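Undergrad: quick one: sequence plus predicted model below, questions after.
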Amino acid sequence: MSLITLTDPRSPISEAYRTLRTNLSFYSLDNPIRTLVVTSPAAGEGKSTTVANLAVTMAQSGRKTILVDCDLRRPSLHDYFGLKAEPGLTDMVVSGEDTPPLQETSVENLWLLASGAKPPNPADLLGSRKVDQVIAQLVEMADIILFDAPPVIAVTDAAVLGAKVDGALLVLSAGKTRRDHAERAKEMLEQAKVRIVGTALTNAPKDDSIGGYYG
Ligand SMILES: Nc1ncnc2c1ncn2[C@@H]1O[C@H](COP(=O)(O)OP(=O)(O)OP(=O)(O)O)[C@@H](O)[C@H]1O
Ligand SMILES: [Mg+2]
């Protein structure tokens with residue numbers, strides 16, 4: 001898996017990730033978002049790709065950034081950076097270990113807290129008080145913490161985690177995400193008192209009419 005924000009930082013796609021970064025930083029000027037979960041209604045809509053590239057652009061702007069893989073069911077963030085899935089978040093929760101086992105990435109200012117060993121009960125684990133403590137610790141260590149999560153509709157993990165952080169970014173895939181699924185996901189997050197700060201559209205058709213003026 002490769003990250004376009006690293007392999008081709010001048011491409012329009014990388015520029016789109018930077019626009020997303022800018023929009024998020026303007027979302028709430030008095031109370032900036034420090035912790036953000038990225039999720040989507042269903043599987044395969046681009047959550048992990050979005051959160052990984054967003055984290056790279058955040059780090060590239062000089063902000064200390066920690067990426068946390070909270071898709072404990074299908075962890076993938078370590079693969080983007082050639083790192084290991086363990087140790088990680090679940091090991092901290094299970095062992096009571098106090099120091100987050102952060103892995104350095106090849107990107108300056110960017111660290112990964114991987115998922116860790118697969119737990120039998122991901123939603124309960126994410127709902128535990130120890131996870132609140134870990135989040136509080138991470139906030140002390142970095143400027144921004146981004147969390148990958150499973151899809152909203154299938155399992156409660158994203159809603160449980162979303163209620164513990166400043167906000168959620170909902171990823172929707174053009175031509176793939178069903179309208180009723182997007183609506184259902186929004187309702188489920190709102191019911192869980194998750195603050196949806198925006199949406200990101202993936203798989204959008206290329207629009208050549210804008211032109212390459214800013215190449
Ligand atoms: N912005 C995008 N535009 C087009 N395709 C994309 C985009 N982001 C991701 N993809 C493609 O969509 C597929 C799924 O991406 P990804 O693994 O990031 O999704 P996911 O929502 O994390 O999936 P899962 O639910 O399995 O964790 C991959 O093949 C990826 O290359
Ligand atoms: Mg994923």
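TA: That came through fine. Ligands and ions are numbered 1, 2, ... in the order given.
Undergrad: what's the helix or strand for the residue of the chain found nearest ligand 2?
TA: Residue nearest to ligand 2 within the chain (CB to the ion): residue 48, separated by 3.2 Å. Bear in mind the C-beta positions are built from the backbone N, C-alpha and C, glycine included. Assigned by DSSP states H and E, residue 48 falls within helix 47-60.
Undergrad: what residues does the protein put near ligand 1?
TA: Residues of the chain found near ligand 1 (CB under 6 Å from any ligand atom) are 40, 43-49, 71, 74, 151, 202-203.
Undergrad: if you set the cut-off to 8 Å instead, what comes out?
TA: Residues of the chain lying near ligand 1 by CB under 8 Å from any ligand atom: 1, 13, 16, 40, 42-52, 71, 74, 76, 148, 150-151, 171, 173, 200-204.
Undergrad: show me those that map onto strands.
TA: With DSSP state E as the criterion, strands contain 148, 171, 173, 200, 201, 202 from among the residues of the chain next to ligand 1.
Undergrad: for the residue lying closest to residue 128 once chain neighbours are set aside, which residues are in contact?
TA: Among residues not flanking residue 128 along the chain, residue 93 sits closest, at 6.0 Å (CB to CB, 6 or more residues apart in numbering). Counting by CB atoms under 8 Å, 6 or more residues apart in numbering, residue 93 makes contact with 116, 119, 125, 128, 130, 131, 134.
Undergrad: and if you look at residue 53?
TA: Taking CB under 8 Å, 6+ apart, we find residue 53 in contact with 3, 4, 5, 14, 17.
Undergrad: now do 10 Å
TA: By CB atoms under 10 Å, 6 or more residues apart in numbering, the contact set of residue 53 is 3-6, 13-14, 16-18, 20-21, 46, 80.
Undergrad: of those, buried ones?
TA: Listed as buried from those are 3, 4, 5, 6, 14, 16, 17, 18, 20, 21, 46, 80; burial here means 16 or more other CB atoms under 10 Å.
Undergrad: now pLDDT and distance to residue 88 too, for those residues, in a markdown table please.
TA: Shown next, in a markdown table, are the buried ones among the contacts of residue 53 (pLDDT from 0 to 100; distance: CB to CB, whole Å):
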| residue | pLDDT | distance to residue 88 |
| --- | --- | --- |
| 3 | 97 | 19 |
| 4 | 97 | 25 |
| 5 | 97 | 23 |
| 6 | 97 | 22 |
| 14 | 97 | 27 |
| 16 | 96 | 29 |
| 17 | 97 | 24 |
| 18 | 98 | 28 |
| 20 | 97 | 25 |
| 21 | 97 | 25 |
| 46 | 98 | 22 |
| 80 | 98 | 14 |
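Undergrad: filter those by proximity to ligand 2?
TA: Subset of the buried ones among the contacts of residue 53 in contact with ligand 2: empty, counting by CB under 5 Å from the ion.
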